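return atomic coordinates for the entry below.
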Amino acid sequence: MSAGAHDKPLKRSGGAATRRDTKAGAGRVDDERWMREALAEGARGLGRTTPNPAVGCVIVRGGREIARGFYAGGGGPHAEANALAAAGSGARGATAYVTLEPHDHHGRTPPCTLALIAAGVSRVVVGCIDPNPKVRGRGVRTLKRAGIDVVTGVLGGECAELIRGYASVIARGRPLVHLKLAATLDGRIAAAGGDSKWITGEPARALVQQLRLRAEAVLVGIGTVLADDPRLSCRIRGAAQPLRVILDPDLRTPPQARLLRGQGRAMLVCSPSAPAGRRRRLEAAGAEIESLDSRGRRGWQRLLGMLSRRGVMELLVEGGSSVAASAIGAGVVDRYSIFVAPRLLGGDGTPMIASLGVRRAGAALRLRTRAFAAVGEDFLWEGEPS
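So this is what the prediction gives:
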């Protein structure tokens with residue numbers, strides 16, 4: 001997972017940059033090489049582009065990179081516009097590598113298809129087609145009608161991953177839910193006394209910051225707040241801070257909690273019957289309060305709908321065990337990232353996931369593995385419902 005950093009100095013202006021590179025060969029291998037560069041550029045916007053997707057663009061001519069740009073959010077120029085502005089007249093006759101199909105309608109910004117046509121690019125390589133019905137296929141057709149050679153589907157799966165939260169909102173009207181857990185080999189997230197610092201090592205904790213980077217919101221339960229007093233912030237330099245969401249039915253969050261004093265917004269989701277006095281004290285401490293019954297499948301649907309209306313495209317759920325079980329039981333978890341540390345805490349430690357009500361081994365929830373890797377001394381398993 002990459003934050004989009006580069007290992008060569010770049011001249012930047014807003015969301016755009018210019019750089020010369022060594023001459024590359026032709027063909028699909030070359031297309032994949034430059035699309036990976038566009039993906040790295042697009043990742044620079046993760047977590048800050050809502051309600052639009054993160055997109056990267058690289059302009060190449062004669063095997064040399066002319067310019068690159070990404071969408072930085074805030075209604076500003078799109079990735080293609082930033083790259084074309086940096087390229088200037090160098091875009092004429094060049095190839096534009098774009099992670100997502102250029103849009104062809106007037107919104108807060110002019111159509112990127114028209115910008116590419118006006119710049120005189122001769123070829124556009126698209127990673128994935130935009131799932132938005134307003135765009136889907138129209139951008140490609142417009143470019144082809146203008147005589148531009150268009151190639152689609154280059155690193156399509158990786159480009160779709162870049163916009164997975166956006167695609168979830170378009171398709172289902174709710175954010176993508178990503179559950180992150182960190183446990184010992186025997187499936188414990190805390191010792192018998194409640195201590196959980198630290199189950200995993202620094203490399204794994206650094207990778208969690210990358211997960212927070214791309215999420216517009218991070219969610220935990222009140223048990224995690226009372227036990228760990230977490231900040232739930234993204235500590236990557238220059239990153240947008242996610243909305244911190246705490247499921248706190250009775251508003252037990254202490255007014256002095258660190259997540260209320262840190263950067264960014266904190267939202268407590270409480271029961272409609274939560275004590276009014278606690279609500280006033282927490283609001284005075286800077287918390288947003290949302291009264292909503294988040295129990296069960298319907299509760300999660302209400303919660304995700306509310307977060308979607310607030311611009312959340314990807315929600316990172318970080319526990320604890322009861323919240324994890326609730327989300328899994330409600331059937332809303334789309335992705336899993338489970339860090340496993342080579343340690344043992346024993347049966348009196350806190351289990352990674354609370355009861356799911358499974359009575360037979362044959363009824364266990366089946367998951368599909370996407371990736372498995374060593375992270376320092378720990379291991380990371382990534383998967384999804386099968």
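
how about the helices in this structure?
Here the chain has its helices, by DSSP state H, at 28-42, 79-87, 112-119, 138-145, 156-162, 164-172, 202-214, 222-228, 258-261, 276-284, 296-309, 321-329.

dump the ones you listed to JSON lines, plus mean pLDDT, distance to Ala341 and mean neighbour count.
C-beta: built from backbone N, CA, C; applies to glycine. JSON lines is the format used below for these (pLDDT from 0 to 100; distance: least, Cβ to Cβ, whole Å; neighbours: other Cβ atoms under 10 Å):
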{"stretch": "helix 28-42", "mean pLDDT": "93", "distance to Ala341": "30", "mean neighbour count": "20"}
{"stretch": "helix 79-87", "mean pLDDT": "96", "distance to Ala341": "38", "mean neighbour count": "27"}
{"stretch": "helix 112-119", "mean pLDDT": "95", "distance to Ala341": "45", "mean neighbour count": "21"}
{"stretch": "helix 138-145", "mean pLDDT": "95", "distance to Ala341": "46", "mean neighbour count": "18"}
{"stretch": "helix 156-162", "mean pLDDT": "97", "distance to Ala341": "26", "mean neighbour count": "18"}
{"stretch": "helix 164-172", "mean pLDDT": "96", "distance to Ala341": "27", "mean neighbour count": "19"}
{"stretch": "helix 202-214", "mean pLDDT": "94", "distance to Ala341": "8", "mean neighbour count": "18"}
{"stretch": "helix 222-228", "mean pLDDT": "91", "distance to Ala341": "16", "mean neighbour count": "20"}
{"stretch": "helix 258-261", "mean pLDDT": "90", "distance to Ala341": "24", "mean neighbour count": "18"}
{"stretch": "helix 276-284", "mean pLDDT": "95", "distance to Ala341": "34", "mean neighbour count": "14"}
{"stretch": "helix 296-309", "mean pLDDT": "95", "distance to Ala341": "29", "mean neighbour count": "17"}
{"stretch": "helix 321-329", "mean pLDDT": "95", "distance to Ala341": "16", "mean neighbour count": "21"}
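
can you add distance to Arg48 and give the ones you listed back as TSV?
Converted to TSV, the helices of the chain look like this (distance: least, Cβ to Cβ, whole Å):
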stretch	distance to Arg48
helix 28-42	12
helix 79-87	13
helix 112-119	19
helix 138-145	23
helix 156-162	13
helix 164-172	12
helix 202-214	9
helix 222-228	25
helix 258-261	20
helix 276-284	26
helix 296-309	16
helix 321-329	25
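
between the ones you listed, which one is closest to Glu101.
helix 138-145 (4.5 Å; Cβ to Cβ).

which stretches in the stretch 251-386 of the chain count as strands?
For the stretch 251-386 of the chain, the strands defined by DSSP state E, counting those that start in this stretch occupy 266-270, 288-291, 314-317, 335-341, 350-351, 367-375, 378-385.

and among the ones you listed, the most buried is which?
Highest mean neighbour count among the strands of the stretch 251-386 of the chain (mean count of other Cβ atoms under 10 Å): strand 314-317, with a mean of 26.

helices or strands up against it?
Packing partners of strand 314-317 (3 or more Cβ pairs under 8 Å, 6 or more residues apart in numbering; DSSP states H and E): helix 164-172, strand 176-184, helix 202-214, strand 217-221, helix 321-329.

sheet partners, orientation included, of that strand?
strand 176-184 (parallel), strand 217-221 (parallel) (DSSP bridges).

which stretch among those is buried most, on average?
strand 217-221 (a mean of 25).

contacts for that one, please.
Outside strand 217-221, the residues that touch it by Cβ atoms under 8 Å, 6 or more residues apart in numbering are 175, 212, 230, 232, 242-248, 307, 310, 312, 314-320, 322-323.

so for that strand, mean pLDDT?
Confidence for strand 217-221, expressed as mean pLDDT, is 96.
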